[in-house]
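Undergrad: model the following, please.
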Amino acid sequence: MFAKFAKLTAIVMVLPAALTIAAPSKRDGVCGDGVGDFEKSFTLATFFKDQPNSPVGTPLVLSPHGHIPDTVQPGGIDFFVLTSYASYAHFDFNVYIMHDGWVDAYGSDGRIALSTNITPGIEAQFYTTPGPQTIAPNVYCGLPGTSKYGADNANHARFAVGTDADNFALCPDGNVTTVFYQPAAAVSQAGCVPVDILLIPTSD
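TA: Okay, here's the model as predicted:
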């Protein structure tokens, strides 16, 4: 677990004070026609690609995924992964924002979980720490209005790594079902179901 976290580049971050941010902006050469900033807060939900006429699918939540004690890392670190609500029925973090390609998850208890880097074959991970924050490369984007699975879903942006929104899947991961990116890169990830991940605004 620590080996994954050690890949992050250490940068001190000043967290935003509000749940809304500056107007949407493109990130040259990263998001294509998408954006890396969203003015509104949002939640995340999956859409199952094998059910083209169904409504927005299962909500996604953050479930605990390990801990590094403060004897190893000052302040300690708690890890989380993006998980289906059906397998972890807790909204510990209930709203998200995206700014310059990073995603922050805001908890009902005041905690803020930051996204980490994501590479083929691993889970979509987040972490919290009272110590200095370290930030992964700003890889996340939203591709507005690109969902092609029904009229309602076409109104929602798709969650993407750069311009790639087509390679997420829900996969068995211990006792939960977790979002993986390009799971074929992880040989052990059998039983994965391909999904779109949609950004659902929390307000108009």
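
Undergrad: and T71, how many neighbours?
TA: 7 (other CB atoms under 10 Å). Backbone N, C-alpha and C define where each C-beta goes, glycine included.

Undergrad: for I77, see how far away it is.
TA: Distance, T71 to I77, by CB to CB, to the nearest Å: 12 Å.

Undergrad: again with I197
TA: Distance, I197 to I77, by CB to CB: 24 Å.

Undergrad: tell me how many other residues crowd the nearest residue to G191 once chain neighbours are set aside.
TA: Nearest residue to G191, sequence neighbours excluded (CB to CB, 6 or more residues apart in numbering): P172, at 5.2 Å. Applying other CB under 10 Å, we find 16 other residues in the vicinity of P172.

Undergrad: secondary structure class for P172?
TA: Counting by DSSP: H, G, I helix; E, B strand; the rest coil, the backbone at P172 sits in strand.

Undergrad: what segments of the protein are strands?
TA: 42-48, 60-68, 77-84, 93-99, 102-107, 112-115, 125-128, 140-143, 157-161, 168-173, 176-181, 193-201 (DSSP state E).

Undergrad: tell me which of those sits nearest to V35.
TA: strand 140-143 (5.6 Å; CB to CB).

Undergrad: so what touches the closest one?
TA: 27, 30-36, 38, 98, 101-103, 115, 118, 157-163, 165, 199 (CB atoms under 8 Å, 6 or more residues apart in numbering).

Undergrad: filter the residues you listed down to the buried ones and hand me the ChimeraX line.
TA: ChimeraX command restricting the contacts of strand 140-143 to the buried ones, with burial defined by 16 or more other CB atoms under 10 Å:
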select :27,30,31,34,35,36,38,98,101,102,103,115,118,157,158,159,160,161,162,165,199
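
Undergrad: where does this structure dip in pLDDT?
TA: Confidence mapping of the chain against pLDDT under 70 gives the ranges 1-30, 33-34, 39, 49-57, 131-137, 145-155, 186-189, 203-204.

Undergrad: make it 50
TA: Low-confidence segments of the chain (pLDDT under 50): 1-27, 149-152.

Undergrad: so what's L60 up against?
TA: For L60, the contact set (CB under 8 Å, 6+ apart) comprises 43-46, 82-85, 179, 197.

Undergrad: separate out the buried members of those residues.
TA: If you count burial by 16+ other CB under 10 Å, the buried members of the contacts of L60 come out as 43-46, 82-85, 179, 197.

Undergrad: list just the nearest of those residues to P64.
TA: Relative to P64, the closest of the buried ones among the contacts of L60 is T83; by CB to CB it sits at 9.5 Å.

Undergrad: that closest one contacts G174, correct?
TA: No. If you go by CB atoms under 8 Å, T83 and G174 don't touch, sitting 10.1 Å apart.
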